[in-house]
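Peer 1: here are the coordinates; sequence isn't available:
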């Protein structure tokens with residue numbers, strides 16, 4: 001019996017052991033599956049990986065747009081990979097802790113369209129608001145943004161009835177759709193000056209101007225016979241009172257990039273026409289505030305009958321031009337009073353008045369130590385000195401204007417102009433270029449900018465700059481891999497980088513037929529805008545808690561790198577997104593790069609703004625918290641049934 005019992009116990013023990021062995025295997029299998037499930041959840045939350053697997057496809061952001069009729073509402077899709085699911089893609093957060101979902105993904109709000117009267121609304125240059133301010137020195141035409149949330153629009157600015165996407169560059173330089181900027185004022189007022197004509201449902205831009213009846217190209221050739229426009233020594237230009245920006249448009253073929261500006265409604269929609277043509281431009285005016293550019297930005301500045309009283313207010317406006325001109329830069333003036341002996345009757349002014357004005361301008365130029373290069377026919381050109389050694393010496397003779405003492409020469413966001421000369425950086429030799437000599441274009445583009453090479457930007461080294469340039473080449477390559485339209489020539493023309501830093505995003509696109517407005521936020525390290533200009537690119541300061549000085553539907557693509565992290569707690573996310581919607585064209589693209597938790601909140605707002613959006617992975621893969629929110633603004637306009 002004992003033996004039998006023992007045998008029975010051994011049999012049961014062996015059976016139990018056998019039962020335990022598969023149980024451990026099962027546990028191991030469950031653990032592996034749980035781990036895989038967790039990793040899959042992270043990957044799934046991020047969307048597509050930076051490098052799609054063989055057979056994968058880029059994200060289609062928007063369909064190509066017909067120029068003959070509005071296109072159907074574009075969608076975000078995952079391409080046509082054979083392994084892709086046919087069902088809707090889930091881009092919701094999978095890692096949100098229980099009880100925090102309401103904060104991470106707020107309830108979606110549907111934004112209504114603004115009334116039709118707001119189709120050209122510019123919040124900081126609003127015509128009705130401007131009438132509250134002084135007309136002295138055109139202060140009323142400066143930036144005056146909504147003072148409170150009660151004044152802000154909480155609606156979507158509509159496109160005009162019949163809006164069509166602009167013609168692709170370079171055709172857009174010469175032609176635009178009438179429905180997009182439905183104003184005939186300039187075609188009447190400037191009919192004999194060859195600015196703009198109406199031909200059926202289109203505007204045509206012959207390239208003429210008040211002071212260049214033979215066309216902008218011939219006028220630029222006249223300038224090029226006086227100063228070197230063709231050897232790469234001049235790359236960035238400033239056009240004050242630009243009209244429809246034909247001067248800037250025709251400089252582009254000469255590898256010169258102009259920032260053109262004019263006041264809101266001086267002539268109806270002139271800056272809007274410039275942007276519709278695919279030419280860089282902003283709303284702006286010389287009044288009481290500094291221009292929103294750092295010191296030593298532009299290689300040349302230009303005024304062609306821009307109606308700016310250069311000789312008044314102690315020469316304050318020429319002093320401001322001097323601040324933004326680089327050492328050795330040129331100032332070009334055509335129109336009154338230049339060549340007054342020929343034109344005085346047509347200008348309906350007396351000889352004495354015009355001669356007095358010219359003598360006053362010449363006096364201001366001499367006080368700034370500028371040298372007059374030449375006056376030929378209707379064009380006069382001056383040159384700023386390459387350093388201030390000689391200029392400081394003659395201050396003993398010419399007392400006014402004095403050199404500025406304690407101001408920041410680059411500060412230019414609501415900073416007032418002052419009647420003092422912005423001193424150039426010190427040099428040790430009369431032949432030395434203050435601040436460092438710029439190389440000629442295109443060598444200038446790839447060289448380390450002098451502001452970085454000299455160590456004048458605190459905390460920034462040459463190595464950091466070079467790494468940043470390489471980083472953005474890789475990032476833009478990633479954008480092109482996940483946005484199929486990015487590689488389509490002519491799909492985009494006007495691009496905006498909301499947080500440009502050193503201009504790396506724009507630099508990575510320098511060979512594409514696009515231009516980029518590089519905005520440097522005033523709340524960050526705004527010292528980098530000078531670097532952007534030294535690279536041969538253009539941009540401006542901007543506070544994104546306020547509106548931008550541009551018309552609605554200005555940009556084809558908006559890039560926002562860490563903008564919402566930068567402004568987190570400073571102003572409402574909704575306000576920034578509504579401003580982005582205002583300045584984005586129908587069927588335009590937005591790339592928002594930020595922390596995933598912020599992107600989930602942004603997507604919740606964006607989905608109520610007639611935007612289609614999708615979160616995709618960082619270029620370094622799904623395990624990086626920073627993600628990309630890719631957006632397309634759907635097509636809609638006044639009169640649509642969606643209205």
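Peer 2: Happy to help now that I have it. Please read these numbers as outputs of a predicted model, since none were measured by experiment.

Peer 1: What distance do you get for residue 125 to residue 478?
Peer 2: As judged by Cβ to Cβ, to the nearest Å, residue 125 and residue 478 stand 36 Å apart. Bear in mind the C-beta positions are built from the backbone N, C-alpha and C, glycine included.

Peer 1: Look at these two and report which has more neighbours.
Peer 2: Taking neighbours as other Cβ atoms under 10 Å, residue 125 and residue 478 compare with residue 125 leading, 24 against 18.

Peer 1: does the closest residue to the more buried one other than its chain neighbours sit in a helix, a strand or a coil?
Peer 2: Nearest non-adjacent residue to residue 125, counting by Cβ to Cβ, 6 or more residues apart in numbering: residue 264, 4.0 Å away. What DSSP: H, G, I helix; E, B strand; the rest coil gives for residue 264 is coil.

Peer 1: thought residue 264 was touching residue 143?
Peer 2: No. Residue 264 is beyond contact range of residue 143, at 9.8 Å (criterion: Cβ atoms under 8 Å).

Peer 1: Count the residues that sit near residue 562.
Peer 2: 19.

Peer 1: still on that earlier bit, need the residues touching each of residue 264 and residue 143.
Peer 2: Common contacts of residue 264 and residue 143, defined by Cβ atoms under 8 Å, 6 or more residues apart in numbering, comprise residue 125.

Peer 1: How about the contacts made by residue 247?
Peer 2: Residue 247 touches 209, 212, 216, 219, 220, 239, 258, 260, 302, 304, counting by Cβ under 8 Å, 6+ apart.

Peer 1: can you check residue 307 too?
Peer 2: residue 241.

Peer 1: can you give me the mean pLDDT across stretch 262-278?
Peer 2: The pLDDT scores in stretch 262-278 average 85.

Peer 1: Please disregard the earlier target; I meant stretch 145-165.
Peer 2: 93.

Peer 1: you'd agree residue 236 is up against residue 301?
Peer 2: No. Between residue 236 and residue 301 there is no contact under Cβ under 8 Å: 9.8 Å.

Peer 1: Assign residue 332 to helix, strand or coil.
Peer 2: Going by three-state DSSP: residue 332 is strand.

Peer 1: go on, residue 217?
Peer 2: Quick answer, by three-state DSSP: residue 217 is helix.

Peer 1: Nearest residue to it in space, ignoring adjacent ones along the chain?
Peer 2: On the basis of Cβ to Cβ, 6+ apart, the spatially nearest residue to residue 217 that is not a chain neighbour turns out to be residue 250, at 5.1 Å.

Peer 1: and that neighbour, what does it touch?
Peer 2: Residue 250 touches 207, 215, 216, 217, 220, counting by Cβ under 8 Å, 6+ apart.

Peer 1: what's the farthest-apart pair in those?
Peer 2: The distance between the two most remote of the contacts of residue 250 (Cβ to Cβ) is 10.0 Å, for 207 and 220.

Peer 1: Which secondary structure element is home to the residue nearest to residue 217?
Peer 2: Residue 250 belongs to helix 246-251 when elements are defined using DSSP states H and E.

Peer 1: can you list the domains in the chain?
Peer 2: 217-437, 444-633 (the TED database).

Peer 1: can you put those in a markdown table and add distance to residue 133?
Peer 2: Listed next are the domains of the chain as a markdown table, based on distance: least, Cβ to Cβ, whole Å:
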| stretch | distance to residue 133 |
| --- | --- |
| domain 217-437 | 10 |
| domain 444-633 | 16 |
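
Peer 1: between those domains, which one is nearest to residue 156?
Peer 2: That would be domain 444-633 among the domains of the chain, by Cβ to Cβ, at 5.8 Å.

Peer 1: Just give me the neighbour total for residue 279.
Peer 2: For residue 279, using other Cβ under 10 Å, the count is 29.

Peer 1: Count the residues that sit near residue 296.
Peer 2: The burial count for residue 296: 26, using other Cβ under 10 Å.

Peer 1: That one and residue 327: what is the separation?
Peer 2: 7 Å.

Peer 1: Report the contact partners of residue 176.
Peer 2: Residue 176 touches 166, 167, 202, 203, 205, 273, 276, 277, counting by Cβ under 8 Å, 6+ apart.

Peer 1: So which of the residues you listed are in helices?
Peer 2: Members of these lying in helices (criterion: DSSP state H): 273, 276.

Peer 1: In a markdown table: the contacts of residue 176, plus neighbour count and distance to residue 639.
Peer 2: What follows is the contacts of residue 176, written out as a markdown table (neighbours: other Cβ atoms under 10 Å; distance: Cβ to Cβ, whole Å):
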| residue | neighbour count | distance to residue 639 |
| --- | --- | --- |
| 166 | 24 | 20 |
| 167 | 20 | 22 |
| 202 | 15 | 20 |
| 203 | 26 | 21 |
| 205 | 24 | 27 |
| 273 | 26 | 23 |
| 276 | 26 | 20 |
| 277 | 28 | 25 |
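
Peer 1: for the stretch 201-350 of the chain, which spans come out with low pLDDT?
Peer 2: 265-268 (pLDDT under 70).

Peer 1: what does the chain give?
Peer 2: Checking the chain against pLDDT under 70 turns up 1-107, 185-194, 265-268, 640-643.

Peer 1: To which secondary structure element type does residue 128 belong?
Peer 2: helix.

Peer 1: Tally up the residues packed near it, please.
Peer 2: 6.

Peer 1: where exactly do the helices run in the stretch 401-550 of the chain?
Peer 2: 443-446, 450-453, 462-482, 504-507, 529-534 (DSSP state H, counting those that start in this stretch).

Peer 1: Tell me the buried residues within the contacts of residue 250.
Peer 2: 207, 215, 216, 220 (16 or more other Cβ atoms under 10 Å).

Peer 1: Export those as JSON lines, with columns for distance to residue 407.
Peer 2: JSON lines is the format used below for those (distance: Cβ to Cβ, whole Å):
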{"residue": "207", "distance to residue 407": "40"}
{"residue": "215", "distance to residue 407": "41"}
{"residue": "216", "distance to residue 407": "36"}
{"residue": "220", "distance to residue 407": "35"}
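
Peer 1: any idea where the helices of the stretch 251-400 of the chain begin and end?
Peer 2: Taking DSSP H, counting those that start in this stretch as the criterion, the stretch 251-400 of the chain contains helices spanning 270-276, 316-324, 340-343, 351-367, 389-393.

Peer 1: Please identify the most buried of those.
Peer 2: helix 270-276 (a mean of 27; mean count of other Cβ atoms under 10 Å).

Peer 1: Produce a PyMOL select command limited to the buried residues of the contacts of residue 247.
Peer 2: One line in PyMOL is enough to select the buried ones among these; burial here means 16+ other Cβ under 10 Å:
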select buried, resi 209+212+216+219+220+239+258+260+302+304
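
Peer 1: Dump the contacts of residue 247 into CSV; add distance to residue 112 as well.
Peer 2: Converted to CSV, the contacts of residue 247 look like this (distance: Cβ to Cβ, whole Å):
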residue, distance to residue 112
209, 42
212, 46
216, 42
219, 47
220, 47
239, 38
258, 38
260, 34
302, 43
304, 43
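
Peer 1: The contacts of residue 247 in strands, which ones?
Peer 2: 239, 258, 260, 302, 304 (DSSP state E).

Peer 1: Farthest pair within those residues?
Peer 2: The largest separation in the ones in strands among the contacts of residue 247, counting by Cβ to Cβ, is between 258 and 304 at 12.0 Å.
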